[in-house]
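**Q** Quick one, what's the 3D model for this:
(chains A and B)
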Amino acid sequence: MQRSHRNHVVPTLVLSLILALTLAVPALAPAAEPPTEEAVLTDPPFVPPPITRKDAARVIVRLEVIERVADLADGVQYLYWTFGGKVPGKFIRLREGDTVEFHLQNHPNNKLPHNIDLHAVTGPGGGAASSFTAPGHETRFTFKAMNPGLYVYHCATAPVPMHVANGMYGLILVEPKDGMKPVDHEYYVMQSEFYTKGRFGEKGMQPFDMQKGIDENPGYIVFNGSVGSLVGDRALQAKVGETIRLFIGNGGPNLLSSFHVIGEIFDSVYAEGGIRISQNQVQTTLIPAGGSAVVEFKVDVPGTFILVDHSIFRAFNKGTLGMLKVAGPEDKAIYSGKEVDEVYLGAQAPMADKARQELTELRAKLEEEKRTNPRIREIAKEVLMREGQQLFLTNCSVCHQPSGEGLMNVFPPLAKSDYLMEDKARSIHIVLNGLKGPVRVNGVDYAAEMPKLNLTDDEIAAILTYVRNSWGNKGDMVMPEEVAVERAKQ
Amino acid sequence: MKGRSNRPGAGRRAAACAAAVLLASALLKPVPARADLADEMAFVRGGELTPLYRPEKNRTTVRVDPFFIDRRPVTRAEFLRFITANPRWRRSSAPEVFRDANYLSDWRGDLLLPVDPEEPLGHGRPIVQVSWFAARAYCASRGERLPTTAEWEFVATTTPSGRRAADDPAQAGALEWYARPSEELLAPVANAEANAWGVSGLHTLWEWVEDFSSSLLRGDNRADSDNERNLYCGGGTEEALDRADYAAFMRYAFRSALHASYSTRNLGFRCARNGTKTGHSQ
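**A** This is a model prediction of the structure:
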């Protein structure tokens, strides 16, 4: 080894010289400035697009601190302190070697000074010392993103725990120079706790409770800032066969997360937000407060997969629950779905059968009563009228006017309208399909141009019941079943 | 690394500005004298204050001498009178070294108060969006000064009977203000409830103090615990004498974020003067 090295000294020297000369020529020309670009920032659960450039750039990041009230749960409000308006804050995506010009803007309506500590920054306070900003002011500092990985950022202004507890954290990704393997979906999920004066679910504006914070006893532990932020329409989406990468953070301020997706196994985990796959086939990965992880998995079967903190009381009693909805064809070889579900009652079987039969009869009786009892019918009509009024004001009143009088020669009247009242089925048909062409209402000709509105049978029934029983019109109720009949005719 | 080191030249600039203000205050036209001092100012007989941060290595308290302090924050109407008499403090003419772009930026004009749906109540709302220089000039025009941090904290956190104000139900709401978003309109000063010293409005907006910049919390508050003077705290709590006083942490942090030329939406002031019950001086 030693000898062979010595043998190569002369040729190596010559080579280095040639190399040095070659390099020296471009070096004499003025060094090209790296390109400057404005960072794309996204609100959770979305992630900025992967970085495609092959070289470092000067990236400008503008992050605005906004103190604002938003829903922590249904009917529960909280004054969030945010990096960019949402909790967690904007997702920042960079490439290793980028030079970042960081602007921290403290909105003039804010009450408090703030700063930012980015765990991706090498320097005192992770930038906190250089970004301390009073309301209505902006600070700037510059750093080089030297270390690839997924990092947490957060506010570090006194009292630090309170600033973090109120929502001041987010994730910053520094992609390795060679980029990351492409996947079908990337999502941003961050867990954190909220310490409210009221108990979980207590309605109204909830102030921060310092003592609960000190005791590490949160009322809420949530994904992406609020209960239900990742359920229903807001669930994460994917299709069977796709690969998903989750960037998961834990803002704390106090608790660790045992992150788990019910019904999935993580193919790969980049533990603690590092750049290497630390483990394959992982059921639950631990995410420390002020830390992160990247998990990747392929979804093989359709269904709803539930994201939880597997410290499981948190999921069911404090809000740590999200959803991933996977659409696509089933694969019974991987998962059969429920094959057998039979009643198993043991000795109580005969009694249970009797109770079930009685219940069926009672329900039928209740339905019958609803149909025939005049008092219930009256209330039902009132309800339909009020619903109808609300829908009318939203959908119809711009043209037909709030009191149904229309606009002479432009929009036909509904109040005391002969055309409306003489044919109920036609009126249903018009709301269902819209109306184009000449129409004569109360002796005046109109060129109708009414659009088709995408309303349900229930909504159309409510609107028409209202319209046909208001402003001097007298008619009977329009039932959803009648609308369904007209719809079926199309 | 000291707290102000992230403001290069701040000391020199402050000195120059202070000299300019001194000069300017000599030229100030006085606003009408106070009708009844006892009516408008509360007498605080002083005593020992235990501030949030240890004042010196082996001391936990500072001495506060007797002083008078405005019962209420200065109102828009009062500030309007001041700039009417002293045009150089109007928005269009106040020198830029003495104010930032936010100075009175909510006003409609030099002498036009912001639109207020509840006129003339608007006159009674506290004046905000004023710089430290302007607040100081206002007090100087009355022959007074801004309160010191120690005086302000003394009147906000103690009671004449020696009880901690934090135990006083009238003051327990201090934290609540921070838990609410910025109001579109700050409540008129007359609406606030007075504390045991007869002083009100202390916890409904921020207020300038004479030595705001001596709250040397650094930009990164967590590193403050290695400060040689042992004044500051890791995470804002390590060296603080009362770790539970989050409201005080926020005040100290807020003051340290300010420069003398800054003005913000929730930052007003009140004036103070030295004195004893029998006679007072400047």
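
**Q** wait, is A:G337 part of a helix?
**A** No - counting by DSSP: H, G, I helix; E, B strand; the rest coil, A:G337 is not found in a helix; it is coil.

**Q** Neighbours of it, how many?
**A** By other C-beta atoms under 10 Å in any protein chain shown, 9 other residues sit near A:G337. Quick note: C-beta positions are derived from backbone N, CA and C, even for glycine.

**Q** That one against A:D331, yeah?
**A** No - with contact defined as C-beta atoms under 8 Å, A:G337 does not reach A:D331; the gap is 10.4 Å.

**Q** Next one: the residue nearest the centre of chain A, what pLDDT does it get?
**A** The residue lying closest to the centre of chain A (C-alpha atoms, centre = their mean) is A:R234, at 4.6 Å. If you check A:R234, the pLDDT there is 94.

**Q** For it, give me its contacts.
**A** A:45, A:228 (C-beta atoms under 8 Å, 6 or more residues apart in numbering or on different chains).

**Q** so how far is chain B from it?
**A** Per C-beta to the nearest C-beta, to the nearest Å, A:R234 is found 24 Å from chain B.

**Q** Tell me the strands beside the top strand by length along chain A, with direction?
**A** Across chain A, the longest stretch assigned as strand under DSSP state E is strand A:58-73. Here strand A:58-73 has these sheet partners by DSSP bridges: strand A:36-38 (parallel), strand A:76-83 (antiparallel), strand A:99-106 (parallel).

**Q** for it, which positions count as buried?
**A** A:59-68, A:72-73 (16 or more other C-beta atoms under 10 Å in any protein chain shown).

**Q** Next: stretch A:319-337.
**A** Residues of stretch A:319-337 classed as buried by neighbour count (16+ other C-beta under 10 Å): A:319-326.

**Q** do stretch A:265-277 as well
**A** Neighbour-count burial for stretch A:265-277 flags A:266, A:268-275 (criterion: 16+ other C-beta under 10 Å).

**Q** Could the C-alpha coordinates of it be exported in CSV?
**A** Output of stretch A:265-277 as CSV, limited to C-alpha atoms (Å, rounded to 0.1, in the frame of the first residue of the first chain):
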residue,chain,number,x,y,z
ILE,A,265,-46.7,-0.9,8.4
PHE,A,266,-44.0,1.7,7.6
ASP,A,267,-41.8,0.3,4.9
SER,A,268,-39.0,2.7,5.9
VAL,A,269,-38.4,5.0,8.8
TYR,A,270,-35.8,7.8,8.8
ALA,A,271,-35.7,8.0,12.6
GLU,A,272,-35.3,11.4,14.3
GLY,A,273,-35.5,13.2,10.9
GLY,A,274,-32.0,11.9,9.8
ILE,A,275,-31.1,11.2,6.2
ARG,A,276,-30.7,7.4,6.3
ILE,A,277,-33.3,4.7,6.6
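
**Q** Flag the shaky bits of the chain, pLDDT-wise.
**A** Went with chain A since none was named. Residues of chain A that meet the criterion pLDDT under 70 lie in A:1-31, A:343-345.

**Q** please go with chain B instead
**A** When residues are selected by pLDDT under 70, those of chain B lie in B:1-27, B:30-33, B:35, B:119, B:121, B:163-174, B:215-244, B:277-282.

**Q** For it, just list every one of the strands.
**A** Counting by DSSP E, the strands of chain B are B:41-44, B:47-49, B:62-64, B:67-70, B:206-207, B:267-268, B:272-274.

**Q** tell me what the host helix or strand of A:V152 is packed against?
**A** Here A:V152, judged by DSSP states H and E, is contained in strand A:149-154. Counting contacts by 3 or more C-beta pairs under 8 Å, 6 or more residues apart in numbering or on different chains; DSSP states H and E, strand A:149-154 packs against strand A:117-118, strand A:169-175, strand A:243-252, strand A:291-298.

**Q** for stretch B:177-197, how far is the first residue from the last?
**A** One end of stretch B:177-197 sits 20 Å from the other (C-alpha to C-alpha, to the nearest Å).

**Q** And it, how far out from the chain middle?
**A** 15 Å (C-alpha atoms, centre = their mean, to the nearest Å).

**Q** What residues of it count as buried?
**A** So stretch B:177-197, judged by 16+ other C-beta under 10 Å, has buried residues B:177-179, B:181-182, B:186, B:188-189, B:192, B:195, B:197.
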